[in-house]
Every structure is written in structure tokens, then in C-alpha cells.
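Asker: Give me coordinates for this.
(chains A, B and C)
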Amino acid sequence: MAGLTVATGVVVLVLTGLSYAGQRRLLGEEAAPVTIRVIGHQWWWEVQYEDPQPSRGFTTANEIHVPVGVPVQVKLESTDVIHSFWVPSLMGKQDLIPGRPSAIRFTAERPGVYRGQCAEFCGMQHAKMGLLVIAEEQADFARWRDGQVAPRPEPASDEARAGEAAFVAAPCSMCHQVRGTAAAGRNGPELTHVGSRRTLAAGTLPTSRGNLAAWIVDPHGIKPGVNMPLVKLDSDQLNSISAYLAGLK
Amino acid sequence: MTTLRAETRPARADVPRVTRDVSALPTYGFGPTSPMWWGTLGFFVVEGTAFALALGTYFYLVQQNQQWPLAPAPPNHWAGTLNTLLLLASLWPNRVADRNAHAQDLWRVRRDLVIMSVVALAATALRIYEFTGLGVSWDQNAYGSITWVLLGLHLTHLVTDAGDTLVLTALMFTRHATGKRFSDVSDNAFYWYFVVLSWLPIYLTVYWLPRW
Amino acid sequence: MSDGASATGDLRDTSLDGPTLNVRLSRVWGTPRGLLGALTTVDHKIIGRRYIVTAFLFLFLGGITALVMRLQLAQPESGLVGPDTYNQLFTMHGSTMMFLFGVPIGEAMAVYLVPLMVGTRNIAFPRLNAFSYWVYLSGGLFLWISFLLNIGPDVGWFAYVPLSGPEYSPGKRADVWAQMITFTELSGLAVAIEIIVTVLKQRAPGMTLDRVPLFVWALFVNSFIIIFALPAVMIASTFLILDRLVGTHLFNPAEGGDALLYQHLFWFFGHPEVYIIFLPGTAFVSAIIPTFARREIFGYLALVLSLIATGFLSFGLWVHHMFVTGLPQLGAAFFTASSMLIAIPNGLQIFCWIATLWDGRPVWRTPLLFVAGFFFIFVAGGLSGIMLASVPIDTQVHDTYFVVAHFHYVLIGGNVFPLLGAIYYWFPKFTGRLLSERLGRWNFWLAFIGFNVAFFPMHISGLMGMPRRVYTYGPEMGWGDLQLLSTAGALLLFASFVLFVWNVAASLRRGDVAGPNPWNAGTLEWATASPPPPHNFNRIPLVTHREPLWAERGGLPVVTGLSVSHRELMVSSVAEAEPQLRETSPAPSIWPLVAAIAVGATFIGSIFTPYAVLWGALPVAAALTGWFWPKAMPEDEE
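Answerer: So this is what the prediction gives:
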């Protein structure tokens, strides 16, 4: 009996030591070449890329790109309730707690598209608060970053131009920002390059013109309880706005 | 000692061997002999744990904030200090009440209970006055909230004890003022010790920690 | 020997014979028939039975919420229930299972059995016992009626701030949750104090501490855990109500408060809470094994020390629920070590139980089958627990179905399986009839298989990245097959409970009649009739051994001298159980119910206005005064 007890005790101490060694490697908070600030909202992820040159910083939403093999620091904050940032194939999770900023580090070893999801119950649509992390070669990452820093691409068609005018005139501009236009709202996801993102509504729908229209027409049917109100648009406005947004690559 | 094992024939429980007669035992006792004393002690442990957690919350919030208190000035301590002195002084008549209860001296117990009733009411009144000198409201910030909570938690004990003591005082002036009632008076005195002792760390935390 | 009557005409049991004694004591200790009797009873057996039935009712309600959730999750993007309903369902499931079933059922079995096992006539503070049942029932009804009226809580059983705070949970839902806590914790604390005082002061003469049955030890230690843990959740929920109702800022980071403070307060309770649920399971196992191994328990001292060690250690683990909140790493490592260390006393208990069976001659009746099920399931849960204790592993599996699998293994394995065994074991004592052994085997196997089919796949779902508390998931995630399998298992598990209820219902009417000791067990509850008379024992036994009925084959020695004219029981010393007092035990009274109504109204009112506390204080004070106002009693005349 005593022997078994002592043996158990030794096993426990060894496991604790190994565990502590592992946790130190994973949870370091030192600065890294790529620094991102993720701010949790009820039920979407605000993503800010920081840069020593302020003009090279930018904001996007729900999709993060990182260069392969380079350490990335992710600063975690929340504006409302507790969320948790988790991309299972890349790193362990950490909570985003209002009033308590924190940070984690990770390095993507291989290129790929990695799906993440909020891992702390945060209300009605906790289940549909997903995100994508796309790890790519350094050159591709640099190209993506340059594209994101730039303001919105010029609308290419008449329909898209009408769409931009409608977007700015409609309530959309009160919540969403599109850099290069008068739309400067900060309540909802940044939409400057929404067309380049692979999913909409925090990983809920694949991005397409049709899905953009479906989302605008009935956000509560797709994600009941979201903070986006129903905006009444006539069919012309809907068509042109969805064409415009789909073109914001 | 050999290991006891069940055998196939169960024991017979209806042919008892009488070994002792307890007829001569008393029907009530004082202190740890009495189950009610242990119940009172259990109550202290529960409430004491709650106080410890509330105090722990106070220290946690101090640690979370760069500046403390979150108010222009620390609380005005005069009412609190006066109350503390009153409570400490009351330990003496409380102990006297306890001794007289053990002695089952009805006249003295009545006198002592009246004194303790007055003390409890005075302490309650002083405590209500203390709130006005805090200099911060409960809904202003976390400092205000936890300060009011600590004082409020202890106030509920003052009020409960005052109620308890008043009812017991009334009882000791009725025909029920015999036997086991004296044990109840002793338990009531026991409770008062808790009320006073639990106040001291709260007093020091609320009034003096912000000044440190 | 005295002539049996004292100077005041109070007749003692010294000179009466068995049948006469039984009749007279039954009359003195009995509860009047009818509604009034039911509302005023202070008999621990009646109240204990009520508690057990009510707790099982909540187990079923909690099980139904689980079934609906499992049906929703069986398919990706199922539309069976929407997010609002689902979020309420998992909140109700957790809250019901943890607060309305898990803790109360252990206390319920203790309320019924501890007084019998220590050889006394009633639990300590019988009116408080009655009061605590009414408060528990009120709290449970309050929660469930609110749910059915669509104002039930939807923030999880743990209700983290800021989600549950005033800004993000408007309306009364979170207040209902917080106040339900107040009800159930008041009730739980009261019963814990009663059990501690019963065990310390009302043990039969000769029952020294090393002769106290392990069942009693486990529930005694459990009561201490309750006393130190429950205040933490009461403080957490009270602070939450204050923040919501009167504008305090305890958890508001914008005004100096902290959201994590809530988690510390909650988990300081929350971790011991799971031991509060587990320890009664160990009590049941420790009682069943000696009887069915037909030898006294191996390693009594080690088992007692393990219980005490578990009690202490359980307070040092709580931060392992917060490993991903960004707390300092060295501190977290301490909690890794402590979370692993607690496996040592648990392991020791299992070694002792297995050793008892190994050296015994096991009789494989249903109670022992459920104990065997406990061994497998609980140990499996313990292994996933050791994994979770490691911070790096936890950062991946925290808040996933891996954790859901872990805690269902330890809670259902550690509490529910022993509980079912315990019901099969003590049902004849409670009712006078045995449960069907044939149905019992079906019950066990259906439960064991159903449980494992339902919950084992969840380990894998979690490792595949499925988070908790999600009302649906996309088909592309690949979680659908395992979720469907879990649902199938859940249906089997539910069926096993339906079978259990069927067994109970059928056996109540047609089960084999049981005598006082159908299992040939050794502890005192088997020394009296099945079901026991209102006064439990005609004469208080004198205890000479840990298994009194096995040691005293020729009949238990007893003590005499207690009154037969009024309710009297023996109070003895704490360590040596030397008789000290003959204490009058309260007769049936309406005041506990009246006080519970006053307290309940105050609690419910106070989620609408803080003034309810002031207005409610008056009827509560009046009820308590009525309760404690003495009636003429013998010791007052002395």
C-alpha cells in the first residue's frame, strides 16, 4: 500500500514537471515579428494588424493571415463578454476577458487554411463565432498585407458604383467602415476588403455575391440574435450593394 | 484482531441485553455538551467563511487597482471607531451574562439581557450612521461597492443578534424563564462573541487599509 | 433498576417490554396522518424520503433537458431547437443536475440513514430539517416554473460575468438563477450542520470515532466541505444580484471591479462542489462492499484519512478551471500538481475497496454490480482528469466535449452508479420490499452500456475540436457521426432510468417482503424493522464494534432510561460517545413551513426590488420567533 502510494506521488510530480515545461513554451508573451490585436465582440472577431509605421496598420475581421515559420503574437481583448480564441490545429486557446488584456504566441509550421471557433460561451450565437487563420509563404503574406493596407479597390462596373453610393447612403455606413469612402462606422466588421475573405458572418457562410445578399436580407434567419439589424432595401439596392461588396477584394 | 465476516445466520435484534440506565442524566447542558452550542458554532463557521471571502474580495480588488481607495478620501472613521469601542466594551457584560446564565441566576440574567439588548440596538444605530461617513456610494465604483458590502454583511448580524437578544429578554420575563432557557442565554452570549470578533478585521480593512 | 417513572409522572422505557414499548414510542414519535401531518412532520425518515423522491424528480427533469439537447446535436444544423432554447436547456441541465440533484441527493440519503446508522431517534435540529426541505423544494420550483414561463436562465450553470451581468443579460433570467442558488445553498448548509451535530453529539453509547461506519464518515466529511464551499457561491451569486439590481460594480472592470473575481469566487465553490457530489458515492460504496463481500472493510483507517485528505485537497484545485484565462504560469503549475495529487487519496480508497472484495466472498447482487460499474467508469474519468490537470493539454481540450466526457464519467460514475446501487441496497429498509433482482440486472447493463456509448465518443469529439455549449455545428466539421452515436447511447441510458422507475413502481406493490436485515448486513440501520418505526429503535443500542450486528450475534446490548411519555433522545460526548444528556426532541410543528414561505417570498421578491429584504424581514422574524418560542417542556420544570 505504502509503495503504491509513493509510486503514485512520484508519477504525479514527474507529470507536473513535464506539464510545466510544456506550458512555458506555449504561453510566452514576448513580442514577435508579426503582431495582431484580436478584439472579441458578440459574435465576430475584430482583427487589427499592428505595424511600427502606423500607416501600415489596418483592420479586418474574422480572417487572419500569417506567414509560415514566423512567430506571431496575438494580443487578446474583448469589448463585451468573455470569448476564447482557439484554432485547434495551431495553438491552445486563451480567453478574451474585458478589462484584462492578454496575449499568446504561435508559429504556423505549414501552409494551410485553419479553422478556429470561439471557445467560451458568449451568448446567443456562440456556436457561430468562427474564424479562419490562413498560413502562407512569406511572399504571399506580404502581397496580402499590402492589399489589405490599401483602401478599397475602385468599383469596376456601373452596378458596383451604384452599390457603393447605396451603401454609403443606407444605414450600412453607420456600422461598417470601407476605407476610401465616407462609410466609417466602427460597430460592425470592417468591410474594406470583405470580398477577399473566404467566409462571411464569422465563418458561417462562404463568401459569394448570393450569400452577401442572403445575409443582408435576413441576418436573423441565418444567425438569430445577431446585433446587425434588418435593413430594408429594395431589390435594386440589394443587387447593387451585394455586387459592390463582392467586388471589394 | 480477527477480521469480522458475515455469517449465514443473521443476528437477532429483538432480544436486547440491558447494559446501562441513563434515567438520571440531566435534560440540558451548557457549552459543548449542548447540541445547540455546536449548531451555533456551525453557524459561525458558515458566516465566518462568508466574511473571509468578502474580505478576500476586498484585498483582491485592492490588488487589481493602481490606486486605492477609489475615492477622494478614506472613510471617516469616528463612528466606526466609536462602534468598535462599544463592541469591545460590551464583551465584559456579555461574559457576565454568560456566567450568570450558567449559575441560572434569573434576576441577574434579566438585567444582563436588557443591557445587551441596548448595546445591540446602539451598535446597529451607530452602524447605520457609519454608512453616511463613508464618502462613497455603493454604485459609484468597486471600492464603494465592496466597502458597503462589508459593512452591510456585518450589519445583518447586528440586526439578527439584536432581534435574538430582544426576544430572549422578553422570554426571560415570562413563565418560560427556566431550565433550558439559561442554556439559550449562554448560546446567545456565544453568538455575540462572534459578532464582535468578526467585526475587528472588517473595521481594520474598511477604515485603516485605505489610509495605509 | 428504577420503577421506570420519574417524579413528574414521566414514564421511562426501563420496565416496558418490546411490543408495548414499540406501540407507546410509535405513538409519541409518530407523525399525525393527513395533510397537516405531512406539513408539520419533523421525522427525518419522512423528510429524507421526500428529499430522495424530489431529487430523483429533478434528475429526471435534468435528464429530459439532456435528451432534447442530444436530439438537437445528433445531426449537423438541426432545427429541432433554436439557439435561445438550447442555451436555456444546457443552463437548466447543468443547474438542475448540480444544484437540485447532485448535492441534495447525498444530503437526502444522509438525512434518512445517518441517524439510523449512529443509533439515534432523529436527526439534530429536526425543524431545521423540515425547513431546509421546503426551501430546497421552493428553489427548485422557482427555477423550473421560471423556465416554463420563458424567464428561465440562459447563461450556463456557472453564469460567468459579464455575460450574466446587467449589461448583457437584461431582464430577470440571470436573477432567477442567482436566487435559486440562494435557496439551495441555504438548504444545503442547514442540512450539513444537522449532519455534523448528529454525528458529533447523538451517536449511540460506545460508538467511538473508530467505530463510526464509513458511510457516516464520508457524509460527515462531506458536510464540512459543504460548510466551507457553499458560502463562496452564495457570495458570488449575491454579488451578481447586487451588480444587476442595485448597481454595484464588483465585477465591472470599468469601475475598478474585475470579471475574473467572479470566476475565483465561483470555482472556489465549484471545485469542492464536485467532491460534495462524489463523496456520498464513496459513502454508498463503503456501505455496500462489506455487506456483499461478506467481510468488514479493509483499511478502515486509510479510508477515513483518504476522506479527510480529499476534503482538504478539494479546496486547493479551483484554478484548474481557469487555466486559459491568462493567469501567471507558476501559479497555474501549482494547481496542476494539486489536481494530480488528489488522485492519491482517491486511488487509496479504490485499492481498499478492491482488497475487501478480493479477500471476501462476493455476492453479485445488483448493488454490487453498480459498484463494479462505478469502478470502471469513475477510474476512466479520473484518468481523463489527470490529463486535464496538465495546462498544455488543457489549453486544447478546455471548453470542448473532452471535458464534457470527463466530468460525466466522474460524476455519473462516482455518484449516480453508486446511488443506484444504494437504492437497490436500502430500498427494502425504506419500504419493506425488495426491488426485483432480474430487472436490476437489466437496469445495470442498460445503464452501463448506454452511458459508455453516450459519453466515450465525446472524448474524441472534443479532441476533434468540438467546443461546448454550441447549439449546432456545420456538416463540414465531421462531428456528426460521433454525435449521433452519443445520442443513441443517451437514449439507452434514459431507457435504463425508465426501467429503474418501473422496477420501483412494481416492487412497491409486488416486491418480495423484506425483514429487518435481508442482506445480512452489519450496521445499525438493519437492527430495526423495515421500514423503521417512527422512533427508529425501541431502545438505544450500545455499540461494541464497527459492524455491530456481526459482532453481537446474540442480540444487541441496549441502554434504557429514556422517556416514553414525550420525545427524548440521547446526547453523548464527541469522541467517546459517553451519554451526557437526555434531550427533548421537537414535536411536529408548522413553523418550519411558515418560515420557509416567508423566506421564499423574501428571496423571490428581492430580485424585483431590494426593499423586499426590508419588508420580508418582518414575517421572517415573526416566523422564527414562533418557531423558537418554547412550549412547556419537562426540562423547563426541573
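
Asker: residue ranges for the helices of chain A, please.
Answerer: A:2-26, A:138-149, A:158-169, A:172-175, A:209-217, A:219-222, A:235-246 (DSSP state H).

Asker: Next, the buried residues of the worst-scoring helix or strand of chain A on mean pLDDT.
Answerer: Scoring the helices and strands of chain A by mean pLDDT, DSSP states H and E places helix A:2-26 at the bottom, with a mean of 78. By neighbour count on 16 or more other CB atoms under 10 Å in any protein chain shown, the buried set for helix A:2-26 is A:8, A:12, A:15-16, A:19-20, A:22-23, A:26. All C-beta spots, glycine's among them, are computed from the backbone N, C-alpha and C.

Asker: Would you mind pulling up the elements that that helix packs against?
Answerer: helix C:329-341, helix C:343-359, helix C:366-389, helix C:391-397 (3 or more CB pairs under 8 Å, 6 or more residues apart in numbering or on different chains; DSSP states H and E).

Asker: could you dump these to JSON lines with mean neighbour count and distance to residue C:514?
Answerer: Below are the helices and strands packed on helix A:2-26 laid out as JSON lines (neighbours: other CB atoms under 10 Å in any protein chain shown; distance: least, CB to CB, whole Å):
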{"stretch": "helix C:329-341", "mean neighbour count": "19", "distance to residue C:514": "43"}
{"stretch": "helix C:343-359", "mean neighbour count": "18", "distance to residue C:514": "24"}
{"stretch": "helix C:366-389", "mean neighbour count": "21", "distance to residue C:514": "13"}
{"stretch": "helix C:391-397", "mean neighbour count": "22", "distance to residue C:514": "47"}
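
Asker: between the ones you listed, which one is nearest to chain A?
Answerer: Distance to chain A, taken as CB to the nearest CB, is lowest for helix C:391-397 among the helices and strands packed on helix A:2-26, at 2.4 Å.

Asker: by contact count, what packs against the closest one?
Answerer: So helix C:391-397, by 3+ CB pairs under 8 Å, 6+ apart, packs with helix A:2-26, helix C:329-341, helix C:366-389, helix C:437-463.

Asker: is chain B contacted by the shortest one?
Answerer: No. Figure legend: helix C:329-341 not in contact with chain B (CB under 8 Å from any CB of the partner chain); closest approach 13.3 Å.

Asker: Kindly calculate the angle that that helix makes with helix C:366-389.
Answerer: Using axes from the mean of the first three to the mean of the last three CA atoms, to 10 degrees, the inter-axis angle of helix C:329-341 relative to helix C:366-389 is 160 degrees.

Asker: got a list of contacts for helix C:329-341?
Answerer: Identification of contacts with helix C:329-341 by CB atoms under 8 Å, 6 or more residues apart in numbering or on different chains yields A:9, A:12-13, A:15-16, A:19-20, A:23-24, A:27, C:313, C:316-320, C:323, C:385-386, C:388-391.

Asker: And it, how far out from the chain middle?
Answerer: A distance of 28 Å separates the centroid of the chain from that of helix C:329-341, by CA atoms, centre = their mean, to the nearest Å.

Asker: Find me the pLDDT at the nearest residue to residue C:512 once chain neighbours are set aside, would you?
Answerer: In space, and not counting its chain neighbours, residue C:512 is closest to residue C:434: 4.5 Å by CB to CB, 6 or more residues apart in numbering or on different chains. The confidence metric pLDDT takes the value 97 at residue C:434.

Asker: sorry, back to before: how big is the angle separating the least confident helix or strand of chain A from helix C:366-389?
Answerer: 40 degrees.

Asker: Other residues contacting helix A:2-26?
Answerer: Here helix A:2-26 makes contact (CB under 8 Å, 6+ apart) with A:91-92, A:104, C:329, C:332-333, C:336-337, C:340-341, C:343-344, C:347-348, C:351, C:386, C:389-393, C:395.

Asker: Please repeat the previous calculation with a cut-off of 6 Å.
Answerer: The contact list for helix A:2-26 (CB atoms under 6 Å, 6 or more residues apart in numbering or on different chains) reads A:92, C:329, C:333, C:336-337, C:340-341, C:344, C:347, C:390-392.

Asker: Return the distance of that helix from the chain's centre.
Answerer: 37 Å.

Asker: Equivalent analysis for stretch A:219-234, please.
Answerer: Worked out by CA atoms, centre = their mean, stretch A:219-234 lies 20 Å from the chain centre.

Asker: Pull out the buried positions in that stretch.
Answerer: A:219, A:222-223, A:225-228, A:231, A:233.

Asker: what sits against the most centrally placed residue in chain A?
Answerer: Closest to where the C-alpha atoms of chain A average out (CA atoms, centre = their mean) is residue A:62, at 2.3 Å. By CB under 6 Å, 6+ apart, the contact list for residue A:62 reads A:44-45, A:131, A:202.

Asker: tell me which element the spatially most central residue of chain C falls in.
Answerer: Centroid-nearest residue in chain C: residue C:106, 2.4 Å away (criterion: CA atoms, centre = their mean). Per DSSP states H and E: residue C:106 is located in helix C:103-118.

Asker: what's the next secondary structure element after that helix?
Answerer: Next along from helix C:103-118, by DSSP H and E: helix C:126-148.

Asker: is any part of the helix or strand just after that next one close to chain B?
Answerer: Next helix or strand after helix C:126-148 toward the C-terminus (DSSP H and E): helix C:173-201. Yes. Legend: contact between helix C:173-201 and chain B by CB under 6 Å from any CB of the partner chain is shown at C:189, C:193, C:197, C:201.

Asker: any idea how far residue A:175 is from chain B?
Answerer: 31 Å (CB to the nearest CB, to the nearest Å).

Asker: my read: that residue touches residue A:186, true?
Answerer: No. Assessed by CB atoms under 6 Å, residue A:175 is found out of contact with residue A:186, at 7.8 Å.

Asker: Looking at those two, which is more packed in?
Answerer: residue A:175 (17 against 11; other CB atoms under 10 Å in any protein chain shown).

Asker: Just give the number of residues close to residue A:121.
Answerer: Per other CB under 10 Å, the neighbour tally for residue A:121 reads 26.

Asker: ok, it - contacts?
Answerer: Going by CB under 6 Å, 6+ apart, the list of residues near residue A:121 reads C:156, C:469.

Asker: and residue 169, how many residues sit next to it?
Answerer: Looking at chain A here, since you left the chain open. Count around residue A:169 with other CB under 10 Å applied: 12.

Asker: that answer is for a different chain, and I need it for chain C
Answerer: Residue C:169: 23 neighbours (other CB under 10 Å).

Asker: any low-confidence regions in the chain?
Answerer: No chain specified, so I'll use chain A. For chain A, the stretches flagged by pLDDT under 70 are A:1, A:24-30.

Asker: actually chain B
Answerer: B:1, B:8-16.

Asker: now the strands for it?
Answerer: B:17-21 (DSSP state E).

Asker: In it, what residue lies closest to chain A?
Answerer: For chain B, CB to the nearest CB, closest residue to chain A: residue B:64, 8.8 Å.

Asker: one step back: using a markdown table, please lay out the helices of chain A together with distance to residue A:111.
Answerer: Listed next are the helices of chain A as a markdown table, based on distance: least, CB to CB, whole Å:
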| stretch | distance to residue A:111 |
| --- | --- |
| helix A:2-26 | 21 |
| helix A:138-149 | 8 |
| helix A:158-169 | 32 |
| helix A:172-175 | 34 |
| helix A:209-217 | 26 |
| helix A:219-222 | 30 |
| helix A:235-246 | 26 |
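
Asker: hmm, back to that, so what's the backbone phi/psi at the residue nearest to residue C:512?
Answerer: With angles defined as degrees, to the nearest 10, residue C:434 sits at phi -90, psi 150.

Asker: how close does it get to chain B?
Answerer: To chain B, residue C:434 is 15 Å away according to CB to the nearest CB.
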